[in-house]
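*Asks:* sequence and predicted structure below; questions after.
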Amino acid sequence: MSNSTSTISVHLHAKDLSVLEGQTVVFFSKPSTKKDSPAVITEKDVTKVFESSLADKLITGAASEAITFREANLNEFRHAIIIGLGADSNSDHETIRQAGAALAREAKSAKFEEIFVHLDGLTNSKKDLAKYTQAFVEGLHLCSYNFNELKTAKKENRITNIHLVSKSGKDKALVAKFNEGTILASCANFAKRLGDMPGNLMTPTILADSAIAAAKGTSLKVSAWDKKRIEKEKMGGLLGVARGSAEEPRFIVMEYFGAAKTKKPIAFVGKGLTFDTGGISIKPSAKMEDMKYDMCGGAAVIGTMLAISQLKLKVNVVAYVAATENMPGSRATKPGDVHTARNGKTFEVNNTDAEGRLILSDALCYASEQNPQFIVDTATLTGAITVALGNVHTGYFTRNSAFKTKIEKAAVSSGELIWNMPLTDAHVKDMKGTYADLSNTSSAAGAGSATAAAFLEQFVGEGIPWAHFDIAGTAWACGNRLNYCSGKGATGVMVRTFVEIAKMYV
Ligand code: BES
Ligand code: MG
Ligand code: ZN
């Protein structure tokens, strides 16, 4: 897997920090639990050194506060960094994830190359330490992602070595969570890179080849169907969208067998629209460049599969990414055209820019045919979800309440924010066609994300628990609220939550 996007290397050590020496040491601080008292450093022995800074409230312990003390000569370390963890009552793994990101940023701007972290200062609870270590490692890696491979200027190759030092560094649970955090963040970073690549360098073919290349040497089986095969498979939705483009579509098939072959798989489906011009119903020019991100659902599914295989989860998983461009070529689908999806349902295309639901229709049919325990799909499907939820929550839809409970639990574990949206028969009714079974646009105003979900539902097999995640608002440009995301770039959203969902089926 490509590692060129990371600038740090993180290691776990079973040692007592006091016997080590090096360039830079990191301690954590918290606000005092007593009103108007100065903050505290979580390692008591160190507090004395910072007494006056604490008394003057130069160190407040606020969440993600990062303060460098150069030439601190603290024990055998030359420099020191103090990272705030926020008040105990507010502290959860997301605070810790952001603390990791704060450290990665500080280390970069201070140009430190070797850092030793007093990991035991994260919490006094042994049980929480493993979980917090995972979150901290995720924050470090997610934040250290950068995308500069397309710039000719000399790249900075400096790698910061970050050593997490804990007395329980050999503890099995701690090591396992450390590894899990490393895998999750690197797979999310892998997904980010796919998203950040421009449309000309991330075509359907390149997306498929990237998935195949990344799976080399793992137990993940990846293949990609070409246009001929897609035609043979009667995927009229995907083909209808691909018609306007000179680039061939691809249907990416990923399989992972971690359990007995007889066990039903779980299924993930992603929208891999490598560039969405809108087609004949062409989009306005402003911000159209952002439509390179229209394959982030597919990228999230690929990242999820890589993580599941690296974690060796004892579960069977199939995943499908429908990949194409949406272009206004001379053979492109025209408004009013009717196509037939894989399950035989017909739909009229009243707006060629509502293409995501069309390519997902065939993928959902095919996933349903595998008789899975559930299907989860994700797509940058509608601008309307951004109107409803901004870039804070991913909106998700499901009519299965037991599945909903599991999904909510998974998101709490991952720290990704999701919000349940309504999906009812009224929305289904709005998607009825005039000349065909369905229309790809709603006959009613508003609820654009719910009606899109209602369209997708028509291609999910009877009785299969299904959830749809609309990531149009959260797939990129979340740097304003997540310090481990770059300002404008892809976020790798859903990889962590989807892996948590998969873990519930082992
Ligand atoms: N890829 C877009 C959705 C999108 C828009 C994602 C803005 C991120 C930011 C999708 O294919 C689309 O164009 N949807 C239309 C549907 C409409 C024509 C019914 C939309 O949301 O405007
Ligand atoms: Mg579109
Ligand atoms: Zn789109």
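*Replies:* Cool, got the structure. Numbering: from 1, shown residues only. Ligands and ions are numbered 1, 2, ... in the order given.

*Asks:* residue 254 bridge partners, please.
*Replies:* Beta bridges link residue 254 to residue 222, residue 319, judged by DSSP bridges.

*Asks:* hmm, it is touching residue 319, no?
*Replies:* Yes - Residue 254 lies in contact with residue 319 (Cβ atoms under 8 Å); the separation is 4.2 Å. Placement of C-beta: from N, CA and C, glycine included.

*Asks:* what do those two both touch?
*Replies:* Jointly contacting residue 254 and residue 319 under the rule Cβ atoms under 8 Å, 6 or more residues apart in numbering are 301, 302, 305.

*Asks:* show me what from the stretch 201-350 of the chain comes close to ligand 2.
*Replies:* Residues of the stretch 201-350 of the chain lying close to ligand 2 (Cβ under 5 Å from the ion) are residue 276.

*Asks:* I'd like to know which of the shared contacts of residue 254 and residue 319 are buried.
*Replies:* Neighbour counting over those (16 or more other Cβ atoms under 10 Å) leaves 301, 302, 305 as the buried ones.

*Asks:* report the contact partners of the last one.
*Replies:* Going by Cβ under 8 Å, 6+ apart, residue 305 touches 215, 220, 254, 256, 268, 317, 319.

*Asks:* what's the helix or strand for it?
*Replies:* helix 296-310 (DSSP states H and E).

*Asks:* let's have the contacts of residue 305 in TSV, adding secondary structure, distance to residue 35 and pLDDT.
*Replies:* Below are those laid out as TSV (DSSP: H, G, I helix; E, B strand; the rest coil; distance: Cβ to Cβ, whole Å; pLDDT from 0 to 100):
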residue	secondary structure	distance to residue 35	pLDDT
215	helix	55	97
220	coil	54	98
254	strand	54	99
256	strand	53	98
268	strand	49	99
317	strand	51	99
319	strand	52	99
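
*Asks:* dump those residues into JSON lines; add distance to ligand 3 as well.
*Replies:* Converted to JSON lines, these look like this (distance: Cβ to the ion, whole Å):
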{"residue": "215", "distance to ligand 3": "26"}
{"residue": "220", "distance to ligand 3": "27"}
{"residue": "254", "distance to ligand 3": "21"}
{"residue": "256", "distance to ligand 3": "27"}
{"residue": "268", "distance to ligand 3": "19"}
{"residue": "317", "distance to ligand 3": "25"}
{"residue": "319", "distance to ligand 3": "20"}
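
*Asks:* find the pair from these with maximum spatial separation.
*Replies:* Maximum pairwise distance in the contacts of residue 305, criterion Cβ to Cβ, is 14.4 Å, between 215 and 268.

*Asks:* more neighbours: which of these two?
*Replies:* Between residue 215 and residue 268, counted using other Cβ atoms under 10 Å, residue 268 has the larger neighbour count: 31 against 21.

*Asks:* touching, that one and residue 308? I think so.
*Replies:* No - using Cβ under 8 Å, residue 268 makes no contact with residue 308, being 9.2 Å away.

*Asks:* next, show the common contact partners of the two.
*Replies:* Residues touching both residue 268 and residue 308 (Cβ under 8 Å, 6+ apart): residue 317.

*Asks:* beta-bridge partners for residue 81, please?
*Replies:* Residue 81 forms beta bridges with residue 26, residue 68, as assigned by DSSP bridges.

*Asks:* am I right that it is in contact with residue 68?
*Replies:* Yes - applying Cβ under 8 Å as the test, residue 81 and residue 68 come out as touching, 5.2 Å apart.

*Asks:* overlap in contacts, the two.
*Replies:* By Cβ under 8 Å, 6+ apart, residue 81 and residue 68 have these common neighbours: 106, 110.

*Asks:* higher neighbour count, these two?
*Replies:* Per other Cβ under 10 Å, whichever of residue 81 and residue 68 has more neighbours is residue 81, with 24 against 16.

*Asks:* phi, psi of residue 166?
*Replies:* Here is the backbone geometry of residue 166 (degrees, to the nearest 10): phi -140, psi 140.

*Asks:* what about it, distance to residue 13?
*Replies:* The gap separating residue 166 from residue 13 is 7 Å, by Cβ to Cβ, to the nearest Å.

*Asks:* of the two, who's got more company?
*Replies:* Between residue 166 and residue 13, counted using other Cβ under 10 Å, the more crowded position is residue 166 (24 against 16).

*Asks:* got a list of what the more buried one touches?
*Replies:* Neighbour list for residue 166: 12, 13, 14, 15, 119, 120, 129, 133, 174 [criterion: Cβ under 8 Å, 6+ apart].

*Asks:* give the contact list for the fifth one.
*Replies:* Under the criterion of Cβ under 8 Å, 6+ apart, the contact partners of residue 119 comprise 12, 129, 133, 136, 164, 165, 166, 169.

*Asks:* give me the pLDDT value at the fourth one.
*Replies:* Translated: residue 136. With respect to pLDDT, residue 136 has a value of 98.

*Asks:* I'd guess it is in a helix, am I close?
*Replies:* Yes - under DSSP: H, G, I helix; E, B strand; the rest coil, residue 136 sits within a helix.

*Asks:* next SSE downstream of the helix or strand bottoming out on mean pLDDT in the chain?
*Replies:* When each helix and strand of the chain is scored by mean pLDDT, DSSP states H and E, helix 44-47 comes last, with a mean of 90. Using DSSP H and E, the helix or strand that directly follows helix 44-47 along the chain is helix 51-55.

*Asks:* what residues sit buried inside that following helix?
*Replies:* Buried positions in helix 51-55, judged by neighbour count with 16+ other Cβ under 10 Å: 53, 54.

*Asks:* just for the stretch 351-500 of the chain, where's the confidence low?
*Replies:* The model of the stretch 351-500 of the chain has no residue with pLDDT under 70.

*Asks:* show me what from it comes close to ligand 3.
*Replies:* residue 356.

*Asks:* run through the helices of the stretch 351-500 of the chain in chain order.
*Replies:* For the stretch 351-500 of the chain, applying DSSP state H, counting those that start in this stretch gives helices covering 356-369, 384-389, 401-414, 425-429, 448-457, 495-503.

*Asks:* just put the ones you listed in a markdown table and tack on distance to residue 231 and mean neighbour count.
*Replies:* Formatted as a markdown table, the helices of the stretch 351-500 of the chain follow (distance: least, Cβ to Cβ, whole Å; neighbours: other Cβ atoms under 10 Å):
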| stretch | distance to residue 231 | mean neighbour count |
| --- | --- | --- |
| helix 356-369 | 11 | 26 |
| helix 384-389 | 32 | 19 |
| helix 401-414 | 34 | 16 |
| helix 425-429 | 29 | 15 |
| helix 448-457 | 22 | 25 |
| helix 495-503 | 30 | 24 |
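
*Asks:* for ligand 1, which of the ones you listed is the nearest?
*Replies:* Closest of the helices of the stretch 351-500 of the chain to ligand 1 is helix 356-369, at 4.5 Å (criterion: Cβ to the nearest ligand atom).

*Asks:* any part of that closest one near ligand 2?
*Replies:* No - between helix 356-369 and ligand 2, judged by Cβ under 5 Å from the ion, nothing touches; the nearest distance is 6.2 Å.

*Asks:* show me how far that helix is from its chain's centre.
*Replies:* 21 Å (Cα atoms, centre = their mean, to the nearest Å).
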